[in-house]
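In: Build me a model:
(chains A, B and C)
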Amino acid sequence: MKVMDKWVAEFFIRCQKNPRVSPTNLLSALKFRESAGDCSYLKKSSVLREISDSLIRGNVAEGTLDLLETLEKLHRGSVLTESHKFAYCWTAVECTVRLMWPLSASEGLYGDAVERIWTKRIGVLKERGSGLVSEELLKWEADLRKAVEDDEVYKRIRESNVRYTAVCFLNQLLKEQWAVLGSCSLESVAQRMLLKSRKAVDKGTRRLDEGEKENGEDNRDVHGVECPQHAAEEEEERTMGVQEQEHEPSLDEGDKMVARELKDFLLEIQRQMDPSSTRQLQEPNNANITPPQPSRSVNRTGTSGQQQDSASENRVRPHLPTPEPLNVSPLKKKRANPAPRRIKKFWTPEEVAVLREGVKEYGKSWKEIKNANPEVLAERTEVDLKDKWRNLLR
DNA sequence: GTAGGGGTAATG
DNA sequence: CATTACCCCTAC
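Out: Next up is the predicted model:
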């Protein structure tokens, strides 16, 4: 797998707000293999994302145990965090306790669950000396086994709220692990590019001031070029810009600033580029920093006064549009430039059914309902759900 | 984020 | 014309 593929994959995997991207599908589409060398960050991102997705869907199941075990393997022998151990322990407990719906241990599937999870699965962990086998886990094992025979213990455990604790530990684990992973590669590269180009701009402008006398020629060095590299990378970063601000938990203030600037920068490019000018923008940027080259001005939008070309001509800085006048008067009705209206699409019976089920389960938490059914409700916003529900009640 | 009022455009 | 989906605004 090429480096760029990895970066893109990693980026998409980390976009937790994009329900259409499944890490599993993505990795298989990119022909990602177990043997693919040094992709541990990619694998980790993928596992974390899977855990995160299942939490969003409200699933704390045996699949989560698989993921936590995989995560342990990816740490390759380094010491596990407490939250990892606790998350595993409480998830295992939850997977068992959820089968305690009958009033007695002798009915239902509880005994099977103890066998499957605690004897087999955790038995394997014990054999290989896994760090996931904590004291807490062993205590729980004893209790849960006791509950198979002792109805009193069974009832006591049955009434405890294990799920909540499991979710808390899983969230804690995710938070820690995302923080450890830091920014994703694509973003780091973007940051480096931006910082580099900023330095270059500073240098360039300083040179401009001084260079006026010693070099009266038109063709000045193009240090100020902000180098958007590959088209592919461009594309990715443009799509990411919008989501970036919201989802990345590890962003510190500096990163946020860079992300914002990056977004402005890319939006500006998007605005300026029609398909035909795309190539022009990509090419001159191979003329990077090392050999100072004469300015090959891009000649956008037919600017005729070529006198002050140099840095400012080639750089693609965001030209902020003239601000729209504020709508001060409450009588003013129209918005400045409203987004075009979406095409009207009637609700399918499936969508309505999903909405009904959603309201039953989550109440009027439109966002939760949408998150729980990302595919079916892909084309509906939370407001749409609200409006539709209102219609249904009429 | 959500509720709710109310407007507008598409559709039958 | 009624219904439906979508939009906008304001308040909480």
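
In: For A:Gly108, grab the count of nearby residues.
Out: Using other Cβ atoms under 10 Å, A:Gly108 has 14 other residues around it. All C-beta spots, glycine's among them, are computed from the backbone N, C-alpha and C.

In: got it, and A:Ile51?
Out: Using other Cβ under 10 Å, A:Ile51 is surrounded by 25 other residues.

In: Which secondary structure state is assigned to A:Ala105?
Out: At A:Ala105 the chain is in coil, as set by DSSP: H, G, I helix; E, B strand; the rest coil.

In: Figure out the helix or strand that the residue lying closest to it once chain neighbours are set aside lives in.
Out: Excluding its sequence neighbours, the residue lying closest to A:Ala105 (Cβ to Cβ, 6 or more residues apart in numbering) is A:Tyr154, at 4.4 Å. Assigned by DSSP states H and E, A:Tyr154 belongs to helix A:151-158.

In: mean confidence score for that helix?
Out: The pLDDT scores in helix A:151-158 average 85.

In: Can you list the buried residues in it?
Out: Buried residues in helix A:151-158, defined by neighbour count with 16 or more other Cβ atoms under 10 Å: A:Val153, A:Tyr154, A:Ile157, A:Arg158.

In: What is the neighbour count of A:Cys89?
Out: Counted with other Cβ under 10 Å, residues neighbouring A:Cys89 total 25.

In: same thing with A:Lys344?
Out: 5.

In: one step back: show the secondary-structure elements that the helix holding A:Tyr154 is packed against.
Out: Helix A:151-158 is packed against helix A:135-149, with contacts defined by 3 or more Cβ pairs under 8 Å, 6 or more residues apart in numbering; DSSP states H and E.

In: So which bits of the helix it packs on are buried?
Out: For helix A:135-149, burial by neighbour count (16+ other Cβ under 10 Å) applies to A:Leu137, A:Trp140, A:Glu141, A:Leu144, A:Ala147, A:Val148.

In: now swap in stretch A:89-105 and tell me
Out: Neighbour counts over stretch A:89-105 (16+ other Cβ under 10 Å) mark A:Cys89, A:Trp90, A:Thr91, A:Ala92, A:Val93, A:Glu94, A:Cys95, A:Thr96, A:Val97, A:Leu99, A:Met100, A:Ala105 as buried.

In: Grab the nearest non-local neighbour of A:Thr81.
Out: Nearest non-adjacent residue to A:Thr81, counting by Cβ to Cβ, 6+ apart: A:Glu176, 6.0 Å away.

In: Quick one: neighbours of that neighbour, just the number.
Out: 15.

In: Where does the prediction get shaky in chain A?
Out: In the predicted model of chain A, residues A:1-9, A:16-21, A:23-38, A:190, A:193-194, A:200-336 satisfy pLDDT under 70.

In: one more time with 50, if that's ok
Out: Counting by pLDDT under 50, the ranges of chain A that qualify are A:34-36, A:207-251, A:269, A:273-313, A:315, A:322-333.

In: What parts of it come near DNA strand B?
Out: Counting by Cβ under 7 Å from any atom of the strand, the residues of chain A close to DNA strand B are A:Arg341, A:Ile343, A:Lys344, A:Lys364, A:Ser365, A:Trp366, A:Lys367, A:Glu368, A:Glu382, A:Val383, A:Lys386, A:Asp387.

In: Give me the subset of those that lies in helices.
Out: With DSSP state H as the criterion, helices contain A:Trp366, A:Lys367, A:Glu368, A:Glu382, A:Val383, A:Lys386, A:Asp387 from among these.

In: Nearest to DNA strand C among those?
Out: When those are ranked by distance to DNA strand C (Cβ to the nearest atom of the strand), A:Asp387 comes first, at 4.3 Å.

In: What is the burial count for the closest residue to DNA strand B within chain A?
Out: Closest residue of chain A to DNA strand B, Cβ to the nearest atom of the strand: A:Lys364 (2.9 Å). A:Lys364: 11 surrounding residues under other Cβ under 10 Å.

In: Contacts only, for it.
Out: A:Lys386, A:Trp389 (Cβ atoms under 8 Å, 6 or more residues apart in numbering).

In: can you rerun that using 10 Å?
Out: The neighbourhood of A:Lys364, defined by Cβ atoms under 10 Å, 6 or more residues apart in numbering, consists of A:Gly358, A:Leu385, A:Lys386, A:Trp389.

In: now do A:Leu103
Out: A:Leu103 touches A:Asp151, A:Tyr154, A:Lys155, A:Arg158, counting by Cβ under 10 Å, 6+ apart.

In: and whatever residue of chain A ends up closest to DNA strand C, what element?
Out: In chain A, the residue found nearest to DNA strand C is A:Pro338; the distance is 3.1 Å by Cβ to the nearest atom of the strand. When secondary structure is defined by DSSP H and E, A:Pro338 falls outside every helix and strand.

In: for it, phi and psi?
Out: Main-chain dihedrals, A:Pro338, degrees, to the nearest 10: phi -70, psi 150.

In: Who are the contact partners of it?
Out: A:Pro338 neighbours (Cβ under 10 Å, 6+ apart): none.

In: still on that earlier bit, any chance of the buried residues of stretch A:89-105 in CSV with distance to DNA strand C and secondary structure as columns?
Out: Shown next, in CSV, are the buried residues of stretch A:89-105 (distance: Cβ to the nearest atom of the strand, whole Å; DSSP: H, G, I helix; E, B strand; the rest coil):
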residue, distance to DNA strand C, secondary structure
A:Cys89, 39, helix
A:Trp90, 35, helix
A:Thr91, 35, helix
A:Ala92, 40, helix
A:Val93, 38, helix
A:Glu94, 34, helix
A:Cys95, 38, helix
A:Thr96, 41, helix
A:Val97, 37, helix
A:Leu99, 40, coil
A:Met100, 39, coil
A:Ala105, 47, coil
